[in-house]
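Whatever this is, show me its structure:
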Amino acid sequence: MTQLSHETRALRPTHPRAEPTQLLTSGSAAEYAELLHTVVDSIAERFRTVRYPGSGASRSELASLIDSIDLDGDGIGSKPALAEADELYARNAVWFHVPGYAAHLNCPVLLPAVAAEALLASINTSVDTYDQSLIATLMERRLLDWAATSIGFTGGDGIFTSGGTQSNLQALYLAREKAMSRSNAALGDLRVFTTAASHFSIARSCHLLGLSPQALIHVATDAEGRMDPDALRGALADLTRERSTDVVVAVAITAGTTDRGVIDPIAPISSICAENRIWLHVDAAYGGGLLLSPTRRSLLDGIERASSVTIDFHKTFFQPVSSSALIVSDAQDLSAASWHADYLNPADEAAAYDPDPNQVDRSLQTTRRFDALKLWTTLRALGSAHVGALFDEVCDLAERVREDLLNDPEFRVFGTTDLSTVLFRYQPHGLDDESARILVPEIRADLLHSGRAMVARTVVDGSACLKLTLLNPHTTQDDLADVIELVRVTARGLLAKKGERA
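Residues are numbered from 1 along each chain as shown. Coordinates of the predicted model:
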């Protein structure tokens, strides 16, 4: 064997090599099992004992804990590092499974999905190309076909994404490409119709896709925030009459707005889009769970006529983050995202008689986790009807809690919902609108800092209000009564400090 020269040997790293058992291999399987059992036992104990959604630690206290950690020092070993992570992260995490959490669209997760998460993380499959994933690609493709069929698409397809924001971006990208191929329009002439209640990612996607600041056109809504089909028809006619060079890329509607949880009237809007040959995108990141609902599936009637649909499985399918998908009605539309590279998915392979089903051909991502395994395992373990019933439970709960608030003279309720959100604020008789409005962020902040309960805040029709977003099927009406009582007591205390009427 040729000996290395002194100069070559000098190029070797002088720092100590990590122990080979720290990589997950056949030689470290026993240590892997021991470490994971330790973590599972620790987290299970926290699930048994945690009572509140937050620890109550202040931001300065949390920052101090983080700042004290030396990330450049010598390693402390796997078990001590995991114990430290448990104390830092798990002790001070936000817990979505406790009844006091009612803030954002975060869900507790189903057990089969959590177990599948450990499986896919350990194997570390990337489903961008078939030769990196084999059966995982086929399982994902089968699940996407299942999702397309659940929507009502025949010949549909899709791709898993990191979340609704990415799904919406890709949907509008595909719609933009199709519109431009049909019309040869300039970017500045492209328009997207939506409502002011649509998710912010619709507006940001227009910006990222190079559309002009005038591209996004807000269509009028009814009193509850749903797109008015007649207003859409009128807006499309106005555009044609006033600016004949403008081209409509898409109409983007929402099946479950973030604030109100209402669903735009899909069926009549789909008819308008079909008449005008316009891409209809349905952002069902929130309301997608209705696809499996035994009682509310009709709220999505007409979705089968859409061109694309966003679904967040990590919301109303109770999956761990991240698990979302963009589903299209025409599989060919996904080809607009294709890009060939000799080292990954060469063009000559794509042209072969039986090419590998490379998912990178239809994704905005390259390396991509096998997140489909979580939903696959959930459906096999529990059945789709069971998952749909869980979402029904939180929608039913929202109706009951809203009724309780309507009957409480100290609270004012805003709007209605098709799903599982409740908008309200503390405003007893005699408390003016401005004082009640000022209380909203103060109440939210006090509850957050206490750690005992978490609610969200927003503004609807110019009115500041608190928001309950219910995604925990195990939360009861009594649990929410306790949260509302905390809101009441906190509001009274704040008013007492100000010397106002409580």
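
can we go C-alpha only for contacts and neighbour counts from here?
Will do.

and residue 184, what pLDDT?
pLDDT for residue 184: 80.

Look up phi and psi at residue 363.
With angles defined as degrees, to the nearest 10, residue 363 sits at phi -120, psi 150.

ok, it - contacts?
159, 160, 161, 337, 338 (CA atoms under 8 Å, 6 or more residues apart in numbering).

between the residues you listed, which is nearest residue 191?
Nearest to residue 191 among the contacts of residue 363, counting by CA to CA, is residue 337 at 20.5 Å.

Can you tell me how far the closest residue to the closest one other than its chain neighbours is from residue 129?
In this structure, residue 337 finds its nearest non-sequential neighbour in residue 362, 5.4 Å apart by CA to CA, 6 or more residues apart in numbering. In this structure, residue 362 and residue 129 are 11 Å apart, going by CA to CA, to the nearest Å.

between the two, who's got more neighbours?
Per other CA atoms under 10 Å, whichever of residue 362 and residue 129 has more neighbours is residue 362, with 23 against 20.

what residues are up against that one?
By CA under 8 Å, 6+ apart, residue 362 lies in contact with 158, 159, 334, 335, 336, 337, 338.

which residues does the first one bridge with?
In this structure, residue 158 has the following beta-bridge partners (DSSP bridges): residue 327.

how many neighbours does it have?
Applying other CA under 10 Å, we find 28 residues neighbouring residue 158.

What of residue 233?
15.

tell me the average confidence for the helix or strand encompassing it?
According to DSSP states H and E, residue 233 maps onto helix 229-242. Averaging pLDDT along helix 229-242 yields 93.

ok now it, how far from the chain's centre?
Its chain's C-alpha centre lies 32 Å from the corresponding centre of helix 229-242 when counted by CA atoms, centre = their mean, to the nearest Å.

Mark which of the contacts of residue 362 are buried, thanks.
158, 159, 334, 336, 337 (16 or more other CA atoms under 10 Å).

And stretch 111-126, what's buried?
For stretch 111-126, burial by neighbour count (16+ other CA under 10 Å) applies to 111, 112, 113, 116, 117, 120, 125, 126.

Filter these down to the ones in helices?
Assigned to helices by DSSP state H, the following of the buried residues of stretch 111-126 qualify: 111, 112, 113, 116, 117, 120.

list the contacts for the residue lying closest to the second one once chain neighbours are set aside?
In space, not counting the residues next to it along the chain, residue 112 is nearest to residue 378; the distance is 5.4 Å by CA to CA, 6+ apart. With contacts defined as CA under 8 Å, 6+ apart, the neighbours of residue 378 are 110, 112, 113.

Which pLDDT value does the model give residue 378?
Looking at residue 378, its pLDDT stands at 98.

helix or strand for it, which one?
Residue 378 belongs to helix 372-382, assigned by DSSP H and E.

So what's the gap between that helix and the chain middle?
Using CA atoms, centre = their mean, the offset of helix 372-382 from its chain centre is 18 Å.

For residue 409, give me the backbone phi and psi.
Dihedral pair for residue 409: phi -70, psi -10, per degrees, to the nearest 10.

Now do the same contact list for it.
So residue 409 contacts 428, 429 (CA under 8 Å, 6+ apart).

ok, so what distance separates it from residue 452?
Residue 409 is 24 Å from residue 452, by CA to CA.

Now do the buried residues in the helix or strand containing residue 492.
Using DSSP H and E, residue 492 sits within helix 477-498. By 16+ other CA under 10 Å, the buried positions in helix 477-498 come out as 480, 483, 484, 486, 487, 488, 490, 491, 492, 494, 495.

For stretch 114-132, what does the pLDDT average out to?
What stretch 114-132 shows for mean pLDDT is 97.

Dump the C-alpha coordinates for it into CSV.
What follows is stretch 114-132, C-alpha atoms only, in CSV (Å, rounded to 0.1, in the frame of the first residue of the first chain):
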residue,chain,number,x,y,z
VAL,A,114,-46.8,9.3,15.3
ALA,A,115,-45.5,5.8,15.1
ALA,A,116,-45.2,6.1,11.4
GLU,A,117,-43.2,9.3,11.8
ALA,A,118,-40.6,7.4,13.8
LEU,A,119,-40.5,4.8,11.1
LEU,A,120,-40.0,7.2,8.2
ALA,A,121,-37.5,9.4,10.1
SER,A,122,-35.3,6.5,10.9
ILE,A,123,-35.2,5.1,7.4
ASN,A,124,-34.9,8.6,6.0
THR,A,125,-36.4,8.0,2.6
SER,A,126,-36.5,10.8,0.1
VAL,A,127,-39.4,10.4,-2.4
ASP,A,128,-38.0,12.7,-5.1
THR,A,129,-36.9,9.9,-7.3
TYR,A,130,-38.0,6.3,-7.6
ASP,A,131,-34.5,4.9,-7.2
GLN,A,132,-34.2,6.6,-3.8
